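# Pasted the sequence and its predicted model underneath.
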Amino acid sequence: MKKHIAVVMGGTTSEHAISIKSGTVVIDNIPNDIFDVKPVIISAESWTVIHKDNELEVNQTDFSYQYEGRKYVFDAVFIAVHGAPGENGVLQKVLDKAKVPYTGCSAAVSELTYNKHKTLEKLRPHGIAMAKNTIIDSHSDWNSKSLASSIGLPCFVKANKAGSSFGVVKVNKLEEMSAAIKTALAEDNEVLIESYLSGTEVSIGVIEYKRNVQVLAPTEIITHSDFFDYAAKYEGKSEEITPARLTPVQLQNLNAAAKKIFNILGVKGISRSDFIFKGDTAYFLELNSIPGLTAQSLLPMQAKHAGIALGDLIVDMINSCLKNNIFEA
């Protein structure tokens, strides 16, 4: 009998539409002769499953649903939700309570890595190079001049818990700071402010595949925008070169940093980390624990370069979580 698999997508943030695209790609790459796959769509209003062309409510207590008087449960869940509640640990806590195995990070690791500032603080004692930064929230008594003086200009203002470059603004002049912070606060109640690093930008995937942690070839980002923003990521306004044009020393340093970060944070499944090079040093920007899997996404491109078909990676992730069956209390 085929295992009953949910591919959960959507979410309650600005990344909802991108997540739907990723989830659709995942479903398209799962062989129907191996698994019985159902899409589960999360929105701010509901959690629903598509079963025999019927849209049914998912019980969030035990992650089950009812159809014609019968209760259906899932053997495993593939999480393709970018942003909340898939990347911040909330969905994982529901699944842990229901004792349903899932792909990717644990609830605790998801909650950590979704918080950019806490991730940086976790990594700081381990010698990971990073930009100078500070954090404020919606209740902070902040001053644009003091922030600019402390961090320097230009700088980046980022929603602390968000993805796909939503709530990210590059501030070049002091008078732009206030509006940038308001933009970030529209996405999250905390704002991370980082010094600007000028150099080669790269993104690198680290995956667990066939029980081994594997660092993929990095992608070099050449953006036609001021930085790698939403338009650059999803509207073709950038060049993405895989593998990145790095020196052997730069590549060695990047691979070591990416794998070290993966292990320190306790990441599982797949991840993608972003870096900026200054000289031979790779400065860590952030880690995405549920990277995009759309046609425009970087990780599938990097996996392909390594000779790993996306479908094989997805099936391996599902099989891995079915075997592990470890739940957090």
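Everything's here; your move.
# What residues of stretch 11-18 count as buried?
Going by neighbour count (16 or more other Cβ atoms under 10 Å), the buried part of stretch 11-18 is G11, T12, T13, S14, E15, H16, I18. Using the backbone N, CA and C atoms, a C-beta is placed for each residue, glycine as well.
# got a list of contacts for that stretch?
Residues from elsewhere that reach stretch 11-18 (Cβ atoms under 8 Å, 6 or more residues apart in numbering): 10, 19, 42-44, 81-87, 162-164, 166-167, 187, 234, 292, 294.
# In strands only, show me these.
With DSSP state E as the criterion, strands contain G10, I42 from among the contacts of stretch 11-18.
# Of the contacts of stretch 11-18, keep whichever come out buried.
10, 19, 42, 81-87, 162-164, 166-167, 187, 234, 292, 294.
# Identify the residues contacting the closest residue to T242 other than its chain neighbours.
Distances taken as Cβ to Cβ, 6 or more residues apart in numbering place T219 nearest to T242, at 4.5 Å, with adjacent residues excluded. By Cβ under 8 Å, 6+ apart, the contact list for T219 reads V202, S203, I204, E240, I241, T242, P243, A244, L298, M301, Q302.
# A295 touches T24, doesn't it?
No. Using Cβ atoms under 8 Å, A295 is not in contact with T24, being 10.3 Å away.
# which residues are common contacts for those two?
Common neighbours of A295 and T24 are not found (criterion: Cβ under 8 Å, 6+ apart).
# neighbour count winner among those two?
Ranked by neighbour count (other Cβ atoms under 10 Å), A295 and T24 place T24 first, with 16 against 9.
# for A186, phi and psi?
phi -70, psi -20 (degrees, to the nearest 10).
# and the nearest residue to it once chain neighbours are set aside, what pLDDT?
Nearest residue to A186, sequence neighbours excluded (Cβ to Cβ, 6+ apart): G167, at 6.6 Å. With respect to pLDDT, G167 scores 75.
# Hmm, E190 and G167 touching each other?
No. Contact criterion Cβ under 8 Å: G167 and E190 do not qualify, at 10.3 Å.
# list residues touching both of these two?
Residues touching both G167 and E190 (Cβ under 8 Å, 6+ apart) are A159.
# Could you tell me which of the contacts of T219 belong to strands?
Within those, residues falling in strands by DSSP E are V202, S203, I204, E240, I241.
# Nearest spatial neighbour of the third one, chain-adjacent residues omitted?
Leaving out its chain neighbours, the residue that sits closest to I204 by Cβ to Cβ, 6+ apart is P218, at 4.0 Å.
# Quick check: which ranges of the chain have low pLDDT?
Where the chain drops to pLDDT under 70, the residues are 163-165, 224-237, 325-329.
# Return the residue of it that is most distant from the centre.
Computed with Cα atoms, centre = their mean, the residue of the chain farthest from its C-alpha average is G69, at 37.3 Å.
# ok, how many other residues are close to F78?
F78: 27 neighbours (other Cβ under 10 Å).
# next one: the one 10 residues further on
Here the number of neighbours of N88 (other Cβ under 10 Å) works out to 23.
# List phi and psi for it.
Phi and psi for N88, reported as degrees, to the nearest 10, are phi -110, psi 10.
# Over to Q250?
Main-chain dihedrals, Q250, degrees, to the nearest 10: phi -60, psi -40.
# which residue sits closest to E220, ignoring its sequence neighbours?
Closest to E220 by Cβ to Cβ, 6+ apart is A244, at 3.5 Å.
# Please apply the same query to I290.
With sequence-adjacent residues excluded and distances taken as Cβ to Cβ, 6+ apart, I290 is closest to E87, at 5.0 Å.
# need the contact list for that neighbour.
By Cβ under 8 Å, 6+ apart, E87 lies in contact with G11, V81, S110, T113, Y114, G163, N288, S289, I290.
# pretty sure the fifth one is touching G89, no?
Yes. When contacts are counted by Cβ under 8 Å, Y114 is listed as touching G89 (7.1 Å).
# Do a quick rundown of the strands in the stretch 51-200 of the chain.
For the stretch 51-200 of the chain, strands defined by DSSP state E, counting those that start in this stretch occupy the ranges 54-57, 65-67, 70-72, 76-79, 133-137, 155-159, 168-171, 190-195, 200-209.
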